[in-house]
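A.B. asks: Mind looking at a prediction? Sequence and model below.
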Amino acid sequence: MAKLLDFKSYVGGADNVVVEEQFPSTSKTYQYDFSKDVTSWSFAATEQTIIADVVGYDRNTGDPTFSDTSIIGYMANANTEIDATNITNNGAAGTVDLTIPANLYTGGIIPSARINVPLTVVTFTWTNPNGALPSIVESHRWCLMQRWESTVTPADPILESDYIPLGTGAVLTFSDNSATDSDRVVGEYTLSTGLTTGQGTGATFIVEVTTGGVTSVNLIARGSGYNAADTIVLLDTSLGGGGAADITVTISTVT
């Protein structure tokens, strides 16, 4: 897979991001000191998990290094808001407490992860009303390297159903012709293969057939290498083989 964004390009430079290694179950509170009354200011925090292809370590200090790191994809949780109850504005004291809650990332982690490492980026934003002048908006980011612990399933994050690779033709939206067909066999089917008109691979669908042959198709893995207008035929032989028509999925947009 091609490298697309180096680490610094994605998360920013040293002045606006702090990198820490943490377990998913870790929750920490960080205090910001603005040295002025912040009663009228507003604060918010969002989070997103991105995936780094490789992370190195300094042999002398043991600290992670990102000189050869690229971001290859992300989990489908972009710009997820962290509940406002995790932010405490101490007003005239000029301090604000940000609690980064546990389990922002709940997917798999490779136990000795130096490859395909989940990085949960928390963006903390503050807005100063600034009187009659335009508001001043600034932000700071925490990049939390998710490390495996015993409560986490040992698994590769890029195999999670909500993983989206960057710029490699992952399926975003699609249409299908899954009309009601009484010959279709009732059941729930997971299909990762089908006849395709393009070069894409890995798109996975769940096809649910209920009484009377009512059928719905949902995407659970986006795959890669697809183009808009590619078609994927989900064969009836993989859907119970009741003699119904095959289902044709037409890709509308990709990323």
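C.D. replies: Right, received. Where do you want to start?
A.B. asks: And the residue nearest the centre of the chain, how far from Val121?
C.D. replies: Centroid-nearest residue in the chain, with CA atoms, centre = their mean: Met75, separated by 1.2 Å. Spatial separation of Met75 from Val121 under the definition CB to CB, to the nearest Å is 11 Å. C-beta coordinates here come from the backbone N, C-alpha and C atoms, glycine included.
A.B. asks: do the same with Gly241
C.D. replies: As it turns out, when the distance is counted by CB to CB, Gly241 lies 46 Å from Val121.
A.B. asks: Enumerate the beta-bridge partners assigned to Glu81.
C.D. replies: With beta bridges defined as DSSP bridges, Glu81 has these partners: Thr46.
A.B. asks: Please parse this structure into its domains.
C.D. replies: Each structural domain of the chain that the record assigns through automatic domain parsing is listed here as a residue range: 5-159, 168-254.
A.B. asks: Quick check: mean pLDDT of the shortest one?
C.D. replies: Model confidence over domain 168-254 averages 89 on the pLDDT scale.
A.B. asks: Endpoints of that domain, how far apart?
C.D. replies: One end of domain 168-254 sits 8 Å from the other (CA to CA, to the nearest Å).
A.B. asks: ok, now stretch 176-188?
C.D. replies: Distance between the two ends of stretch 176-188: 17 Å, counting by CA to CA.
A.B. asks: ok, and for it, which residues are buried?
C.D. replies: Asp176, Ser178, Asp181, Arg184 (16 or more other CB atoms under 10 Å).
A.B. asks: What about the residues you listed, which are in strands?
C.D. replies: Secondary structure of those is defined by DSSP state E; positions in strands are Asp176.
A.B. asks: just to revisit the earlier point, look at Gly241 and Val121 and report which has more neighbours.
C.D. replies: In terms of neighbours (other CB atoms under 10 Å), Val121 is the more surrounded of Gly241 and Val121; the figures are 20 against 12.
A.B. asks: Any buried residues in the strand or helix carrying that one, and which?
C.D. replies: Using DSSP states H and E, Val121 maps to strand 115-128. Residues of strand 115-128 classed as buried under the neighbour-count rule (16+ other CB under 10 Å) are Asn116, Val117, Pro118, Leu119, Thr120, Val121, Val122, Thr123, Phe124, Trp126, Asn128.
A.B. asks: now stretch 211-222
C.D. replies: Going by neighbour count (16+ other CB under 10 Å), the buried part of stretch 211-222 is Gly213, Thr215, Val217, Leu219, Ala221, Arg222.
A.B. asks: likewise stretch 99-107?
C.D. replies: Buried residues in stretch 99-107, counted by 16+ other CB under 10 Å: Thr99, Ile100, Leu104, Tyr105, Gly107.
A.B. asks: cool, and stretch 152-168?
C.D. replies: Val152, Pro157, Ile158, Glu160, Tyr163, Ile164, Pro165, Leu166, Thr168.
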